[in-house]
Structures are given as C-alpha cells and as structure tokens.
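Novice: The following block contains a protein sequence and its predicted model.
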Amino acid sequence: MTTEHITIAGAGLAGALLGVFLARRGHEVELFERRPDMRQHNISAGRSINLALADRGIHALQAAGVFDAIEPLMIPMPGRMLHDLSGNLSFQKYGRLDDEINYSISRGELNKVLMTAAEETGRVNIRFNTRCDDYDIKSGLLTMTDESSQEQIKVKTSVVFGCDGASSPIRNALVRQCKFVVSEEPLAHAYKELAIPPGKSGEWRIEKNALHIWPRGGFMLIALPNLDGSFTVTLFLPVTGNPSFNSLESESEVEKFFSEQFPDALAQITDLAKDFFSNPMGMLGTIRCNQWQADGRAALLGDAAHAVVPFHGQGMNCAFEDCLELDRLIEQHGKDWVRILPDFEKARVANANAIADMALENYIEMRDIVRDPRFQLQKQLEFLLEEKFPERFIPRYSMVMFHQEIPYTEAKNRGKIQKAILQQLTESATTLDKIDLTLAERLVNEKLDLLR
C-alpha cells in the first residue's frame, strides 16, 4: 500500500487548522513555515494584530475540537461604537438577538494555539524557518530553502496544500504550470496600526465590548480590544490625495490630522507620531482565482486562494470554512483526492468571490453610510422584518456573520433583494412607525423564497 505524503505550505491560521483536520482523519502531515516558531520568538503574527472571529470560524474550530482552548482568548463585541467629530458616541448592535456577537481575538495567540493543537495530534510535524520556493506538479517535488542555512531542500509530496498567503509560491507555480487565472485587485487605500494602551490599573480606556469606528466618509479609524486592556487601532486612508498617507509627511501634520478628525481617539493614543512613522503601511486588495486545485494533487486555501479586504471581518472566517468544507469532503470520499479537490473547488470558489464583493461594499458602509439617518432607519427596519418574517428575512450582515448554514453566495443574492425592499419601504418614511407594514409583508412574501 502506497503511503501518502501530505504537505502543507504555511503554518498560519489556515495551514495550522487544516493540519488539525487532516490529522483527525488519520493523515500524516508535514507542515512547512517560513517564519520562526512564534511560540518561542517574538515575531509579527501577520498583517494585523487582532481579528474578528464570527460564527463561521467558531463552527469550524468546534468541528476541529480546538474551540475550548481558544474561547478564553475571545472578547465579545456585540456591536459597533460610532465616534463622531465631537466625540459623541452611538452604539449599533450587530444583530437583533443577544447571542449574535463577534469576538476580538489576537491573531498571534490564536495561531499559537492552532499550531500546538496540530502538533499534539501526533501526526503533524511543523518545520519552521523553511521557505517554499516552487512546486512541480508532474513530479510532486517541492523546492524549499532552509532560511537559517540557506540550504535547498527537495521534498516529494503526494498532495500539497498551499496555505501560504496572498503572495503564495504554490499558487504562482500552479499559475505557471496549470494556467490558473488569477486577478489581483489592489485597493487605493492602505492601513497603519497604532495603539491605545491600558489605563494605569490595566483597565480599558474606552468601551471594551465593541468594535470602535470613527467614520469620516473617505477614510476611517477603527479599534479592537485586547485582553491586556489595550486596543489595536487601525487607520484606513487613501494612499494618495488629500488627506492621504502621502500627504502626512511630518509629525505636526499627523498630530493636526488626528486633532481635527479623531480628537477623542488622539486623547487616548500614546506615541502617535512615533508609531505612525515607524509602523509599516499595509496595502489592501482582493485576489481571486478561477481554479483552486490541479489534478487532485494540489489545492489552495485561505488567502492563497481568496485574499479579501478586511472590512467584513471574514478573511479568517472564510479560510476556516475552507478547512471545514474540505474535511466534510474527506469524510464523504475518504482518501480519493481526485474527487475531493475538484468538489472542494466547486463548493468554494463562488462563495469566496461573493464575500470578496461584500467585503468591498462593507468598507463604504463602515467609513461613510453608517452615519446616514436613512441607513440607521433601514437597520431598525431590518431587525423588525427579521422578527416578523424570520423564515424569509435575515439582514445580510447577520447572514454573513451569524448564520454559517447560509452560503456567502446566498447571503449576497438575498441581500440584493432585501436592499431593494428596504429602499422601497423607506422612500417616504423617516421613522419606524411610518413604515407600511402591509406593503412590507407583501414585498417579503413575493420577493424572498423561504430560507432553507
């Protein structure tokens, strides 16, 4: 009997969780990671310090048997806290129900738990400081480089999974050899990370249980809570123009910009100018692939297959859902990768494109539309329609974040119909009590199929 050699490139969030799933199915896995072991070295966890964990991600972590170890790392965020120019606050719940909550979580701490969980299966070996350079699909040979010694390593693999990020060498190899079509759609906006430190007694200086947003139209500032009492603050701003990252060239310009646009945040951020000029500017963009697998021998997951902008908080959650879908297909087809991987691609490509589109749309909502009284009325109306017609109407945001049983494609398609209904119902109404509920019932029943 031929022994399979399954390899994963990249021990980030997707690669580590995939290793857990594969090990639980009895596979022996070798996982290669370019970076040092973050459990032993103080290194950057990746693009952002903390992330929003939602229902899809939680469901996958539960299925992998690792959620209990991760739950203590989570900070509940039941809604957004909006900050206006005068420092006035308004809270918007994410969902109608009290248990519809997103969670702030440290990317690095989550990654550490997942790597440890993979190793503790006894079937996953992680080799750190090993960079994947190339993959030859005909021979199954991976070309690696030991980053410490610069020694080149050749590894023969039966199946390889590219979980190696948005600049994936595995994807690049498949583009070259298998004619994958990849689109890279850069956003004209970038980001920088800043920080609000804990208070003198370790307390949170602003509301702990919320995602804070300073929406300013063409740009915004956000803040997510950390367990140590600090907040990770992220400025999203155009790269060029005024204002832009290119227009903020001196400490005085940065201080002036924050004092004008985010005065209440400026009062809490320490070392603003130092962090602004020392922290890198992160670029944003969307990557789409028309194929995710080749010949049942290689497949892409996570950012390698579908990098998305972070404005719907679904990059990690979508990657975890990739892992769960692959696990379901392994349960269905056993070790028949020639059936598993094409079915995986068929199940996931359209859904990844759908969340990519919705994430781009959500940026406009977060930085601008949330301030519009009509938008706020439509949010109230969404909750009312969900309460009255739960078998047909669930707000699109809730479908994405709190209903893992609803595919992204369905959430996007139903969301378009629901948006048109909301617009029609609020054309002449300015308050909830002015909504024509008889018309609402007719529109919902006529235009929306029953939820499955």
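Specialist: Arrived safely, thanks for sending.
Novice: State the helix or strand in which the nearest residue to A347 once chain neighbours are set aside lies.
Specialist: Distances taken as C-beta to C-beta, 6 or more residues apart in numbering place E325 nearest to A347, at 5.4 Å, with adjacent residues excluded. All C-beta atoms are positioned from the backbone trio N, CA, C, and that covers glycine. Using DSSP states H and E, E325 sits within helix 315-333.
Novice: Put the alpha carbons of that helix into PDB.
Specialist: The C-alpha trace of helix 315-333 is given here as PDB (Å, rounded to 0.1, in the frame of the first residue of the first chain):
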ATOM      1  CA  GLY A 315     -10.900  36.700   5.800                       C
ATOM      2  CA  MET A 316     -10.000  34.300   8.600                       C
ATOM      3  CA  ASN A 317     -13.600  33.000   9.000                       C
ATOM      4  CA  CYS A 318     -13.700  32.200   5.300                       C
ATOM      5  CA  ALA A 319     -10.400  30.400   5.500                       C
ATOM      6  CA  PHE A 320     -11.600  28.300   8.400                       C
ATOM      7  CA  GLU A 321     -14.700  27.500   6.500                       C
ATOM      8  CA  ASP A 322     -12.500  26.300   3.600                       C
ATOM      9  CA  CYS A 323     -10.900  23.800   6.100                       C
ATOM     10  CA  LEU A 324     -14.300  22.600   7.300                       C
ATOM     11  CA  GLU A 325     -15.600  22.100   3.800                       C
ATOM     12  CA  LEU A 326     -12.500  20.100   2.900                       C
ATOM     13  CA  ASP A 327     -13.000  18.000   6.000                       C
ATOM     14  CA  ARG A 328     -16.600  17.200   5.000                       C
ATOM     15  CA  LEU A 329     -15.500  16.100   1.600                       C
ATOM     16  CA  ILE A 330     -12.800  13.800   3.100                       C
ATOM     17  CA  GLU A 331     -15.500  12.300   5.300                       C
ATOM     18  CA  GLN A 332     -17.500  11.700   2.100                       C
ATOM     19  CA  HIS A 333     -14.800  10.500  -0.300                       C
END
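Novice: Packing partners of it?
Specialist: In terms of contacts (3 or more C-beta pairs under 8 Å, 6 or more residues apart in numbering; DSSP states H and E), helix 315-333 is packed against helix 13-24, strand 50-53, helix 55-63, helix 303-306, helix 337-367.
Novice: buried set for the last one?
Specialist: Residues of helix 337-367 classed as buried: 337, 340-345, 347-349, 351-360, 362-363, 365-367 (neighbour count, 16 or more other C-beta atoms under 10 Å).
Novice: by how many degrees do it and helix 315-333 diverge?
Specialist: 160 degrees (axes from the mean of the first three to the mean of the last three C-alpha atoms, to 10 degrees).
Novice: Could you do the third one as well?
Specialist: Relative orientation of helix 55-63 versus helix 315-333 (the same axes, to 10 degrees): 50 degrees.
Novice: re earlier: out of the helices and strands packed on helix 315-333, flag the one nearest L174.
Specialist: Closest to L174 of these, according to C-beta to C-beta: helix 303-306, at 9.7 Å.
Novice: For that closest one, what is the distance to the chain centroid?
Specialist: Remark: helix 303-306 is offset 11 Å from the chain centroid, using C-alpha atoms, centre = their mean, to the nearest Å.
Novice: CA atoms only for that helix, dumped as CSV, please.
Specialist: Extracted in CSV, the C-alpha atoms of helix 303-306 (Å, rounded to 0.1, in the frame of the first residue of the first chain):
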residue,chain,number,x,y,z
ASP,A,303,-5.5,33.9,1.4
ALA,A,304,-3.6,31.9,-1.2
ALA,A,305,-6.9,31.3,-2.9
HIS,A,306,-9.0,34.3,-2.0
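Novice: list the helices and strands it packs on?
Specialist: helix 169-178, strand 282-289, helix 315-333, helix 337-367.
Novice: could these be laid out in CSV, adding distance to G162 and mean pLDDT?
Specialist: Output for these, formatted as CSV (distance: least, C-beta to C-beta, whole Å; pLDDT from 0 to 100):
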stretch, distance to G162, mean pLDDT
helix 169-178, 3, 96
strand 282-289, 10, 96
helix 315-333, 11, 98
helix 337-367, 12, 95
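Novice: What is the longest strand along the chain packed up against?
Specialist: Across the chain, the strand with the greatest residue count (assigned by DSSP state E) is strand 182-196. Counting contacts by 3+ C-beta pairs under 8 Å, 6+ apart, strand 182-196 packs against strand 231-238, helix 272-278, strand 282-289, helix 337-367.
Novice: part of a helix, is L224?
Specialist: No. The assignment for L224, made by DSSP: H, G, I helix; E, B strand; the rest coil, is strand rather than a helix.
Novice: Count the residues that sit near it.
Specialist: Neighbours of L224 under the rule other C-beta atoms under 10 Å: 25.
Novice: Contact partners for it?
Specialist: By C-beta atoms under 8 Å, 6 or more residues apart in numbering, the contact set of L224 is N50, A52, M77, S104, L211, H212, F231, T232.
Novice: The second one pairs with what?
Specialist: Yep, that's A52 we're talking about. S104 (DSSP bridges).
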